[in-house]
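[1] Predicted structure and sequence below. I'll ask about it afterward.
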Amino acid sequence: MGFFDFFSKEKKKETLDKGLERTKEGLFSKLTRAIAGKSTIDDDFLDELEEIFLTSDVGVETTLKILDRIKERVKRDKYVGTAELNNLLYEEIVAMLSENESDADLNDFQVPPSHKPHVIMVVGVNGVGKTTTIGKLAYNFKAAGNKVMLGAADTFRAAAVEQLEVWGERAGVPVIKQKLGADPAAVAFDTLSSAVANGVDVVIIDTAGRLHNKIGLMDELSKIKRVMQKVIPDAPHDILLVLDGSTGQNAFEQARQFVAATSVNQLAVTKLDGTARGGVVIGISDQFKIPVKYIGLGEGIGDLQVFHKRDFVESLLDIKK
């Protein structure tokens with residue numbers, strides 16, 4: 001690893017630590033109080049641990065799964081103090097997330113060489129930071145050396161197209177659009193056609209942020225996919241669902257709705273810097289068996305990171321590796 005690679009990694013770690021600060025303060029301080037004066041993990045402590053994870057929005061099922069893992073470890077290993085508990089939690093949570101292969105692509109903002117352009121369709125309700133996430137993705141993909149293009153297929157709100165154009169300008173990438181109310185599938189078709197003609201590496205398609213009935217949503221997204229496949233047969237390569245981490249359990253419900261409506265294969269969890277509910281990342285990744293690929297840690301254009309489970313859990317538990 002060169003000097004600049006090391007510096008970049010350290011900078012990302014600082015951003016992660018700062019972005020998770022509110023969650024860390026709540027989780028770590030509660031853990032510290034819970035284990036004060038204890039030498040073993042007993043039923044009372046496990047009850048406190050359950051409450052700590054639930055109030056951090058890890059979710060009921062995932063919390064119970066973590067507790068079961070802790071109980072199994074306690075049968076084998078003697079618990080001594082704070083450091084041992086943190087390391088035990090770190091190992092078990094990382095092992096649980098590893099079952100989901102959340103680090104499937106360790107090369108940040110690189111695209112598979114097997115297809116060009118790489119097409120990402122982005123879905124999610126209004127207000128979760130969907131368009132902002134697209135802009136940040138465009139910036140990061142371009143910074144990684146890719147030629148990027150955006151498609152404004154959310155044609156139902158003039159503000160959506162305008163916002164995407166603003167982010168396109170910030171990221172320095174072109175935005176393909178049509179008039180307000182145009183067929184979203186037609187916008188996607190034009191975007192991919194232009195991308196192929198211009199040798200683009202990454203195409204990101206915005207879609208309407210509406211969560212109406214599942215059938216209507218499925219029909220609309222399916223049509224966009226079918227029309228894109230007239231240009232690129234295996235498009236989209238990724239369907240990225242954007243969720244607002246600060247909404248806690250509501251993010252779980254949105255995930256259920258969209259997973260039922262379309263073939264989501266990646267998640268982005270935003271606004272983690274403004275909430276103490278960062279545990280939602282662990283719960284969503286575990287429950288839906290869909291990799292959390294990106295996390296939003298601030299307002300800046302560079303404050304979107306590829307999710308690496310080990311770094312995330314280290315930061316969450318304030319562990320120095």
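    Sure, I can see it. Please read all numbers here as calculations on a predicted model, not as lab measurements. Numbers count the residues shown, from 1 in each chain.

[2] For Lys12, which non-adjacent residue is spatially closest?
    Excluding the flanking residues, the one nearest Lys12 by C-beta to C-beta, 6 or more residues apart in numbering is Gln305, at 6.0 Å. The way it works is simple: take the backbone N, C-alpha and C, and place the C-beta from them, glycine included.

[3] Which residues does the one you found form beta bridges with?
    Bridge pairing for Gln305 (DSSP bridges) gives the partners Ile295.

[4] Model confidence score at the residue lying closest to Lys293 once chain neighbours are set aside, please.
    Leaving aside its sequence neighbours, Lys293 sits nearest to Gln266 (C-beta to C-beta, 6+ apart; 4.2 Å). Predicted confidence (pLDDT) at Gln266: the value is 93.

[5] and if you look at the one 4 residues further on?
    According to the per-residue confidence, Thr270 scores 94 in pLDDT.

[6] Render the CA-only coordinates of stretch 284-299 in PDB, please.
    These are the backbone C-alpha positions of stretch 284-299, laid out as PDB (Å, rounded to 0.1, in the frame of the first residue of the first chain):
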ATOM      1  CA  ILE A 284     -31.400  -4.600   7.200                       C
ATOM      2  CA  SER A 285     -28.400  -6.400   5.800                       C
ATOM      3  CA  ASP A 286     -29.100  -9.500   7.900                       C
ATOM      4  CA  GLN A 287     -32.900  -9.600   7.400                       C
ATOM      5  CA  PHE A 288     -33.100  -9.100   3.700                       C
ATOM      6  CA  LYS A 289     -29.900 -11.000   2.700                       C
ATOM      7  CA  ILE A 290     -29.200  -8.100   0.300                       C
ATOM      8  CA  PRO A 291     -25.800  -6.500   0.600                       C
ATOM      9  CA  VAL A 292     -25.600  -2.900   1.900                       C
ATOM     10  CA  LYS A 293     -23.300  -1.600  -0.700                       C
ATOM     11  CA  TYR A 294     -23.100   2.100   0.200                       C
ATOM     12  CA  ILE A 295     -23.600   4.200   3.300                       C
ATOM     13  CA  GLY A 296     -24.200   8.000   3.500                       C
ATOM     14  CA  LEU A 297     -22.200   9.800   6.200                       C
ATOM     15  CA  GLY A 298     -22.700  13.500   5.500                       C
ATOM     16  CA  GLU A 299     -23.800  16.200   3.100                       C
END
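
[7] Does the nearest residue to Asn126 once chain neighbours are set aside fall in a helix, a strand, or a coil region?
    Sequence neighbours aside, Gly209 is the residue nearest to Asn126 in space, at 3.7 Å (criterion: C-beta to C-beta, 6+ apart). Each residue gets one of three states, and Gly209 gets coil by DSSP: H, G, I helix; E, B strand; the rest coil.

[8] is it true that the residue nearest to Lys12 touches Val292?
    No: judged on C-beta atoms under 8 Å, Gln305 makes no contact with Val292 at a distance of 10.8 Å.

[9] care to break the chain down by domain?
    In terms of domains, the chain is parsed into 3-98, 118-308 (source: automatic domain parsing).

[10] what's near enough to touch Ala186?
    Gln178, Val227 (C-beta atoms under 8 Å, 6 or more residues apart in numbering).

[11] Regarding it, what is its secondary structure?
    When classified by three-state DSSP, Ala186 comes out as helix.

[12] I'd like to know how far it sits from Val58.
    42 Å (C-beta to C-beta, to the nearest Å).

[13] ditto for Leu88
    Here Leu88 is placed at a distance of 16 Å from Val58 (C-beta to C-beta).

[14] Tell me where the model's unsure across the protein.
    By pLDDT under 70, the low-scoring segments of the chain are 1-8, 37-38, 78-83, 100-107, 211-215, 321.

[15] Understood, closing this out.
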